[in-house]
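In: Dropping a prediction and its sequence here:
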2 protein chains.
Amino acid sequence: MGCTVSSFELDPQLARDCVVIGDFPVCRLLLMNDSQYPWFILVPRIQGVEEIYQLDEAAQQQLLFESSYLAEMLQVLFSADKINVAALGNVVRQLHVHHVVRFTADAAWPAPVWGRHPARPYTDEQLAEVMRKLKTGITDMPSFQWA
Amino acid sequence: MGCTVSSFELDPQLARDCVVIGDFPVCRLLLMNDSQYPWFILVPRIQGVEEIYQLDEAAQQQLLFESSYLAEMLQVLFSADKINVAALGNVVRQLHVHHVVRFTADAAWPAPVWGRHPARPYTDEQLAEVMRKLKTGITDMPSFQWA
């Protein structure tokens, strides 16, 4: 996958809406800049892919591994009531997989988060707090490269 | 997984809202009874699981295999513009993975389908047509058991 990874460019809208956290072996980890929910996105660093099934088998399995690692870590770290995992891509076509930490008391519950409320960007302090939290969560993943 | 599969019971709300199509080795395949979108759901037949990461590794990989098989088959069969794949579960907690065939001309595009429009149940004729289509699609999956 070296060749395809090296030509990867993050979709401009994802780049505008998110903060880059770092890289798992296959996926870039983003934080959606919306303080209403801890909302993370995995983007396989493979150019031109829109559907999970279009990844080769090794990349699919690594995406699954990274997704399950992330989901479990987030559920524990944030004491989540539910994790919403979704690959939609109707607007941004570059394959990306949402991992949204949900609480029964959050702004959109029990509806999905998309299109419910305008994003509320993090303050610098809030962002630093999320990053601090993540640093304590992603400790047993030596292959993770922080941005 | 034999033991856990044998004790499986489909969530009552999924049973009410959907038509059972059949069983892949791990997941039950459902059709949401909403004629506005070809909308399918995979439910791992393993009792008490709410998140993908809670499945053991073998079941996760088989779920991924069945999901990718289904997504590709649906995209070809319906000439879909996009497939939306999502494990939400805020209302129905039993783990289930939506696979929604999307068209740029459908009723909710480009928004996600959840909570947009009340379901419009299939007529008998429409349902027969979807089943006929599926029978031509699921041909290279000998392990699929029709309901």
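Out: Done, it's in. Residues are numbered from 1 along each chain as shown, chains lettered A, B, ... in the order given.
In: how near is residue A:69 to chain B?
Out: Distance, residue A:69 to chain B, using Cβ to the nearest Cβ, to the nearest Å: 8 Å. Where C-beta positions appear, they are placed from N, C-alpha and C, glycine not excepted.
In: likewise residue A:123?
Out: From residue A:123 over to chain B the distance is 27 Å, taken as Cβ to the nearest Cβ.
In: I'd like to know how many residues surround the nearest residue to that residue once chain neighbours are set aside.
Out: In space, residue A:123 comes closest to residue A:35 once its chain neighbours are excluded; the distance is 7.5 Å by Cβ to Cβ, 6 or more residues apart in numbering or on different chains. Residue A:35 sits with 16 neighbouring residues when counted by other Cβ atoms under 10 Å in any protein chain shown.
In: can you check residue A:56 too?
Out: When counting by other Cβ under 10 Å, one arrives at 12 neighbours for residue A:56.
In: Kindly report the same for residue A:24.
Out: For residue A:24, the count of nearby residues is 23 (other Cβ under 10 Å).
In: For it, give me its contacts.
Out: A:42, A:62, A:66, A:69, A:141, A:143, A:144 (Cβ atoms under 8 Å, 6 or more residues apart in numbering or on different chains).
In: What residues sit buried inside stretch A:126-141?
Out: Residues A:130, A:134, A:137, A:138 are the ones in stretch A:126-141 that count as buried (16 or more other Cβ atoms under 10 Å in any protein chain shown).
In: So what touches stretch A:78-87?
Out: Contacts to stretch A:78-87, defined as Cβ under 8 Å, 6+ apart, come from residues A:38, A:51-52, A:67, A:71, A:74-75, A:95-104, A:112-113, A:133, B:50-52, B:84-90, B:93, B:112.
In: Now do the end-to-end distance for that stretch.
Out: This stretch, stretch A:78-87, spans 22 Å end to end (Cα to Cα, to the nearest Å).
In: From the chain's centroid, how far away is it?
Out: Stretch A:78-87 sits 11 Å away from the centroid of its parent chain (Cα atoms, centre = their mean, to the nearest Å).
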